[in-house]
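[1] here's my sequence, what's the structure:
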Amino acid sequence: MFSLKYIISAIAVASSASAAAVNARAEDNVLATQATTVTFCSGSLNPPNGCAAIPIASNVCINFTGGLTFLDKTVSNGLVPSGVICTVFEQLNCESSTVSDRVLLTAGTWDFFSVTGDSGPVNFNDLASSFVCTSF
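    A predicted model of the protein is given here:
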């Protein structure tokens, strides 16, 4: 027969493995478990003018339509939280037809008059229509 000590040890090991698996899944999808937002403004970030803090999920395209229509083709500033990188697109549905119709935003505040494009800094003011973010 199995000893009580052996059974308790097996249960402890199984519990630890189970907890580690749950923690790994949670860490893999940080954006799904936390209320992470990016902020885009048609005016200034500080003081806030025409801004929206938008909840994001990793790798989900968000269009500036519906309640965000006021931002379509009017974004001038953005704020991306630490641990997140976003690509902002000139077209809806996060589509890109050329290297000049999208920009990359890393953590920090951004003035869309000079943001990082595929070919270096570009003026993306009043061009954005959609974006997608990813955690890292």
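[2] any weak-confidence spans in this protein?
    Residues of the chain that meet the criterion pLDDT under 70 lie in 1-35.
[3] now the helices for this structure?
    4-28, 30-33 (DSSP state H).
[4] thought residue 129 was touching residue 96?
    No: counting by C-beta atoms under 8 Å, residue 129 does not reach residue 96; the two are 11.1 Å apart. C-beta coordinates here come from the backbone N, C-alpha and C atoms, glycine included.
[5] what's the overlap in contacts for the two?
    Counting by C-beta atoms under 8 Å, 6 or more residues apart in numbering, the residues touching both residue 129 and residue 96 are 89-90.
[6] more crowded one of the two?
    Set residue 129 next to residue 96 and count neighbours by other C-beta atoms under 10 Å: residue 129 wins out with 21 against 15.
[7] quick one, what contacts residue 112?
    So residue 112 contacts 75-78, 103, 123-128 (C-beta under 8 Å, 6+ apart).
[8] typo on my end, residue 110
    So residue 110 contacts 77-80 (C-beta under 8 Å, 6+ apart).
[9] redo that, cut-off 6 Å
    Residues near residue 110 by C-beta atoms under 6 Å, 6 or more residues apart in numbering: residue 78.
[10] repeat for residue 87
    102, 104, 132.
[11] if we go to 8 Å?
    Counted by C-beta under 8 Å, 6+ apart, residue 87 has contacts 94, 102-105, 131-133.
[12] please report how far it lies from residue 47.
    27 Å (C-beta to C-beta, to the nearest Å).
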